[in-house]
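>>> 3D, please:
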Amino acid sequence: MTGQYSIRRWFQHLKVTCRKFNFGVNMSAYGENEDQGKSWNEKTGRSWAEHDQEMNSRLQNISDILFAEIDEKSLSNALDIGCGAGATTLRMAQKLSGRGAVTGIDISDALLTLAREKASAVDNMTFTWADAQSHRFEPAGFDGAFSRFGVMFFADPDKAFANLRSALVPGSKLVFVCWAPLQDNPFFLEPMEVVHKHTGAAIKMPGIAPGPLAFSDRDYLSGILRRAGYRTADITTHKTTLDTHQNPQEDAALLMKIGAGARMLSESEPSKAQVQSVRDDFVLLSAAKRHGDITHYPATIHLVTAVA
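Residues are numbered from 1 along each chain as shown. Down below sits the predicted model:
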């Protein structure tokens, strides 16, 4: 018995070590999207996990736009795509309490760890660690799907949306939000301009590569949904704000870790002096957008409703 117990403890320790350092265990969940899988299970995922509460607060207006479009009364088994740390999954679970359930799927185990903590006292909410592009869903297993900024990172969008369509009951809806073009989103563009000012790093237009702004072109997005077999796809553009109660110094600290500016700064390999200059200008940027005790970043999104 002692030997069996020791072996079992050794395997448990090995599993924990593999998860910590992304050895083997994580790779199967990455599916066909290894680059994004590594990113969201390493630095990017850890940063979002660290600032989960603040980022959900900033995205509250956008969450409200998304949920206003979802007819939750028609749902009994919903899918939250790219659910992250589970805030939108929890919101849907509360709406479906007593009559339905929701499953969140995400490629980031770092974020799903937080999501499962939120689910500990909720009996109609579960999570799947996988790449939604290649995950083998039960055919027609969901009567609706939704996503808050979780669908722009697929390696093969045509294949991903076709796979998601196969998971939906015919005639049911996929509702999601994605970012509009860079120039319409100061939360992305203005920190990039600050980094360019102090490091000389070029501001690269995002194009259609996997990333936050991959679906900013409405025609491109419409074509993906059409090729993936959706019957109809309605795309509307909405202006809103990302709001924070953080003071300018706290806001600047977050901008140094999350977003296009933070990524651009990291890739530029800046000196300590350049880092400090960027931080100082982030404080000024935040202060200029502050009204009372709230900082408002203008934001523009696309709201998409596609019928399977």
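>>> which other helices and strands contact the one helix or strand Asp80 maps to?
Counting by DSSP states H and E, the secondary-structure element that holds Asp80 is strand 77-81. With contacts taken as 3 or more C-beta pairs under 8 Å, 6 or more residues apart in numbering; DSSP states H and E, strand 77-81 sits against helix 87-95, strand 101-106, strand 144-148. Glycine gets a C-beta too; all of them are placed from N, C-alpha and C.
>>> Off-centre distance for the last one?
Averaging C-alpha coordinates over strand 144-148 and over its chain gives two centres that are 12 Å apart (C-alpha atoms, centre = their mean, to the nearest Å).
>>> what are the pairing partners of the strand holding Asp80, and which direction each?
Paired strands of strand 77-81, with direction, are strand 101-106 (parallel), strand 144-148 (parallel) (DSSP bridges).
>>> With mean pLDDT as added columns, please give those strands in JSON lines.
What follows is the strands paired with strand 77-81, written out as JSON lines (pLDDT from 0 to 100):
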{"stretch": "strand 101-106", "mean pLDDT": "98"}
{"stretch": "strand 144-148", "mean pLDDT": "98"}
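>>> Compare the ones you listed and give me the one nearest Ala49.
Nearest to Ala49 among these is strand 101-106 (11.5 Å), distances taken as C-beta to C-beta.
>>> got the buried residues for the closest one?
Along strand 101-106, these residues count as buried under the neighbour rule (16 or more other C-beta atoms under 10 Å): Ala101, Val102, Thr103, Gly104, Ile105, Asp106.
>>> gap between the third one and Ala202?
Read that as Thr103. With distances defined as C-beta to C-beta, to the nearest Å, the gap from Thr103 to Ala202 amounts to 41 Å.
>>> Check the last one too.
The gap separating Asp106 from Ala202 is 31 Å, by C-beta to C-beta.
>>> same check, this time on the second one
Noted for Val102: a distance of 42 Å to Ala202, by C-beta to C-beta.
>>> re the thing from before, need the strands paired with strand 77-81 in JSON lines (columns: distance to Glu32).
Formatted as JSON lines, the entries for the strands paired with strand 77-81 read as follows, by distance: least, C-beta to C-beta, whole Å:
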{"stretch": "strand 101-106", "distance to Glu32": "15"}
{"stretch": "strand 144-148", "distance to Glu32": "18"}
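>>> wait, which of those strands is closest to Ala299?
Among the strands paired with strand 77-81, strand 144-148 comes nearest to Ala299, with 12.6 Å by C-beta to C-beta.
>>> now that closest one against helix 87-95, angle please.
Taking axes from the mean of the first three to the mean of the last three C-alpha atoms, to 10 degrees, strand 144-148 and helix 87-95 form an angle of 140 degrees between their directions.
>>> Can you name the next helix or strand after strand 144-148?
Tracing the chain C-terminally past strand 144-148 and defining elements by DSSP H and E, one meets helix 157-166 next.
>>> same for that next one, what does it pack against?
With contacts defined as 3+ C-beta pairs under 8 Å, 6+ apart, helix 157-166 has these neighbours: strand 173-179, helix 218-227.
>>> Report the angle between it and strand 101-106.
Computed with the same axes, to 10 degrees, the direction of helix 157-166 lies at 160 degrees from that of strand 101-106.
>>> Contacts for helix 157-166, please.
Under the contact criterion C-beta atoms under 8 Å, 6 or more residues apart in numbering, helix 157-166 has outside partners 32, 79, 81, 132-135, 137, 139-140, 145, 151, 154, 174, 214-215, 224-225, 227-230, 306, 308.
>>> mind giving me the domain split of the chain?
Domain assignment for the chain by automatic domain parsing gives 1-27, 31-307.
>>> Kindly compare burial across those and name the winner.
The highest average neighbour count among these, using mean count of other C-beta atoms under 10 Å, belongs to domain 31-307 at a mean of 19.
>>> Pull the distance from the strand holding Asp80 to the chain's centre.
In terms of C-alpha atoms, centre = their mean, the centre of strand 77-81 is set 14 Å apart from its chain centre.
>>> as a whole number, average confidence for it?
Along strand 77-81, the predicted confidence averages to a pLDDT of 98.
>>> Okay, now the unreliable bits of the chain?
Counting by pLDDT under 70, the chain has low-confidence residues at 1-29.
>>> List every C-alpha atom in stretch 69-86, with coordinates, as PDB.
These are the backbone C-alpha positions of stretch 69-86, laid out as PDB (Å, rounded to 0.1, in the frame of the first residue of the first chain):
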ATOM      1  CA  GLU A  69     -29.000  40.900 -28.300                       C
ATOM      2  CA  ILE A  70     -29.300  37.400 -26.900                       C
ATOM      3  CA  ASP A  71     -32.800  35.900 -26.500                       C
ATOM      4  CA  GLU A  72     -32.000  33.900 -23.300                       C
ATOM      5  CA  LYS A  73     -35.600  32.700 -23.100                       C
ATOM      6  CA  SER A  74     -35.000  30.600 -26.200                       C
ATOM      7  CA  LEU A  75     -32.000  28.900 -24.600                       C
ATOM      8  CA  SER A  76     -31.700  25.700 -22.600                       C
ATOM      9  CA  ASN A  77     -28.100  24.700 -23.300                       C
ATOM     10  CA  ALA A  78     -25.800  27.600 -24.400                       C
ATOM     11  CA  LEU A  79     -22.100  27.700 -25.400                       C
ATOM     12  CA  ASP A  80     -19.800  30.600 -24.400                       C
ATOM     13  CA  ILE A  81     -16.900  30.700 -26.900                       C
ATOM     14  CA  GLY A  82     -13.600  31.900 -25.700                       C
ATOM     15  CA  CYS A  83     -15.100  32.400 -22.300                       C
ATOM     16  CA  GLY A  84     -11.800  33.400 -20.600                       C
ATOM     17  CA  ALA A  85     -12.200  33.600 -16.800                       C
ATOM     18  CA  GLY A  86     -15.900  32.900 -17.000                       C
END
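>>> Good, wrapping up.
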